[in-house]
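Chemist: build me a model:
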Amino acid sequence: MLLADPSLRDGIFDRSVILLTEHQLAVHTGGPVALDQLTFSSFWWSKKLGLRWAMRISAAQAMAHAHRPGRVVRAFVGYSGWTAGQLENELRRNSWTAARPQSDLLGRVHDRGLWADLLRQLSPLHRILAEAPDDPTLN
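Modeler: Numbering: from 1, shown residues only. From the prediction side, this is the model:
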């Protein structure tokens, strides 16, 4: 998982939680892409392998996954991508905090509070960042 650094306040990735499922940068392009397309993905937890997923599945496949115990199906508009080397550079600049997903992730409410909840769990420093105001200069 990638948790956006508080400095990424550009509106697109503000307090974002991104599950990075593939890292084949030659295939992806940067920024929010294909906002006119709806895709479905299914997620489940494997005791042996951790978080598992099926990405870009059809509506029929999404319905089949939704009927399987322990599966969470989500619909997405658009996707995130990076050009070759861009993600690595952003990670070096600490624009993202990498974190491993925990088994309770799929049972959590996935709303605007998810970013802060996940960041708080990482360390005392991350807890401070999660609870900081949007504009610390106004404090």
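
Chemist: give the buried residues for stretch 113-126.
Modeler: The neighbour-count check on stretch 113-126 (16 or more other C-beta atoms under 10 Å) flags Leu114, Trp115, Ala116, Leu118, Leu119, His126 as buried. For glycine as for every other residue, the C-beta is placed from the backbone atoms N, C-alpha and C.

Chemist: quick one: contacts for the fourth one?
Modeler: Same thing as Leu118. By C-beta atoms under 8 Å, 6 or more residues apart in numbering, Leu118 lies in contact with Met1, Leu3, Val17, Ala99.

Chemist: separation between the residue nearest the centre of the chain and Met63?
Modeler: In the chain, the centroid-proximal residue (C-alpha atoms, centre = their mean) is Ile18; its distance is 1.4 Å. Separation of Ile18 from Met63 (C-beta to C-beta, to the nearest Å) stands at 25 Å.

Chemist: next step: the buried residues of stretch 113-126 restricted to helices.
Modeler: Mapping the buried residues of stretch 113-126 onto helices (DSSP state H) picks out Leu114, Trp115, Ala116, Leu118, Leu119, His126.

Chemist: quick check: the closest residue to the fifth one other than its chain neighbours vs Ser80, distance?
Modeler: In this case it means Leu119. Excluding the flanking residues, the one nearest Leu119 by C-beta to C-beta, 6 or more residues apart in numbering is Ala130, at 4.0 Å. Per C-beta to C-beta, Ala130 is found 21 Å from Ser80.

Chemist: same question, Leu8
Modeler: From Leu8 to Ser80 the distance is 12 Å (C-beta to C-beta).

Chemist: please report phi then psi for Pro101.
Modeler: Pro101 adopts backbone torsions of phi -70, psi 140, taken as degrees, to the nearest 10.

Chemist: confidence score at it?
Modeler: Per-residue pLDDT puts Pro101 at 91.

Chemist: farthest-apart pair in the ones in helices among the buried residues of stretch 113-126, please.
Modeler: Across those, the longest distance by C-beta to C-beta is 14.0 Å; it joins Leu114 and His126.

Chemist: flag the shaky bits of the chain, pLDDT-wise.
Modeler: For the chain, the stretches flagged by pLDDT under 70 are 22-35, 139.
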